[in-house]
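Enquirer: Return a 3D structure for these sequence lines:
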Amino acid sequence: MVRAVRRGRRPRRDPTHRRRGERRGDRAVSRVSAAIDAANAAGRGAFVGYLPLGYPDLATSIEAAVALAESGADILELGPPYSDPVMDGPVIQEATHAALEAGFRLRDTFTAVREVAARTDVPILVMTYWNPVVQYGVDRYADDLLAAGGAGLITPDITPDAAAEWIAASERTGLDRVFLAAPTSTDERLQVIADASTGFVYTVSTMGTTGERAELDAAARLLVERLRGVGVDHACVGIGISTPEQVHDVSEYADGAIVGTALVRALRDGGVAGLRDEARALASGTAR
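Expert: Prediction:
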């Protein structure tokens, strides 16, 4: 049985720090990759925790993100609410709809990232559908995310071959770009994803929407092996992971585990305190 462990508070950083990391060659060193490497070197998988921004309100979502970082998350995945969240399960859909009803605006994304980044050194990825980025302006979005202290984007509904503008902007700014790989992807498609991704590849454990499942598909393990075969250094598995035991299982073969629904439910049912407890329990499963 995996035991919960409490981790210490990470040090507060200067909020004016632009957080691109040291440079290696022509590209900034990925803070996301560095966080995964640090976790793996410590004998555990990385814990990537997702929360929707603006839920139940903007201020609470900021406190929740900081609490998640303080309770064991190695990487934060923060999602601006979207009107048509086709990949999300009912718990996350309910939260994002509530955030929109509460008045969340796209510009609040950068406010939230800035405030969270000022209080923790955990890398912050924004998980966003692509249309809001296009509407805001790809270069403007990248510049504002960098200035706020963000580390990059997870873009679930755009493929690398349709993302030339974002790839160029991320190269210019040093932001990470995390693309998704699915069990149905061909080897040729996996190679394209591997070549285009930085930070890690979001490895989809099963087809369908996000949410909890009693058992993770065996396809996830095979997909990670296939990604290794095309040169992926960091593969983190998400969709359907909801217990410390599942986090532990994933950490045995992948570089990290991504959890969303279980954390959102904990925040909904127990507030920030409930979220802290859930995050600590999930983080205990990362030990190998």
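
Enquirer: Let me know how buried the closest residue to Phe110 other than its chain neighbours is, in neighbour terms.
Expert: Excluding the flanking residues, the one nearest Phe110 by CB to CB, 6 or more residues apart in numbering is Ala148, at 4.4 Å. No exception for glycine: its C-beta is placed from N, CA and C like everyone else's. Neighbourhood size, Ala148 [other CB atoms under 10 Å]: 22.

Enquirer: Show the residue spans covered by the strands in the stretch 151-288 of the chain.
Expert: Shown for the stretch 151-288 of the chain, the strands assigned by DSSP state E, counting those that start in this stretch span residues 152-154, 176-178, 180-181, 201-204, 235-238, 256-259.

Enquirer: Mind putting those strands into a markdown table with mean pLDDT?
Expert: Listed next are those as a markdown table, based on pLDDT from 0 to 100:
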| stretch | mean pLDDT |
| --- | --- |
| strand 152-154 | 98 |
| strand 176-178 | 98 |
| strand 180-181 | 96 |
| strand 201-204 | 96 |
| strand 235-238 | 96 |
| strand 256-259 | 97 |
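
Enquirer: want to throw those strands into TSV with distance to Val66 and mean neighbour count?
Expert: Shown next, in TSV, are those (distance: least, CB to CB, whole Å; neighbours: other CB atoms under 10 Å):
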stretch	distance to Val66	mean neighbour count
strand 152-154	19	25
strand 176-178	21	24
strand 180-181	27	22
strand 201-204	23	27
strand 235-238	21	27
strand 256-259	17	28
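
Enquirer: Now render those as TSV, adding distance to Gly271.
Expert: Output for the strands of the stretch 151-288 of the chain, formatted as TSV (distance: least, CB to CB, whole Å):
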stretch	distance to Gly271
strand 152-154	26
strand 176-178	29
strand 180-181	31
strand 201-204	28
strand 235-238	24
strand 256-259	18
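
Enquirer: out of those, nearest to Gly43?
Expert: Set against Gly43 and scored by CB to CB, those come closest in strand 256-259, at 13.3 Å.

Enquirer: Tell me how many other residues crowd Cys283.
Expert: I think there's a mix-up here, since residue 283 is Ala and not Cys. The number of residues packed near Ala283 is 26, by other CB under 10 Å.

Enquirer: try Met127
Expert: When neighbours are counted by other CB under 10 Å, Met127 comes out with 26.

Enquirer: do you know how far it is from Asp57?
Expert: Counting by CB to CB, to the nearest Å, the gap from Met127 to Asp57 is 19 Å.

Enquirer: so for stretch 67-87, what's the average pLDDT?
Expert: The pLDDT scores in stretch 67-87 average 89.

Enquirer: Also stretch 141-151?
Expert: 98.

Enquirer: quick one: buried residues of it?
Expert: 141-142, 144-146, 148-151 (16 or more other CB atoms under 10 Å).
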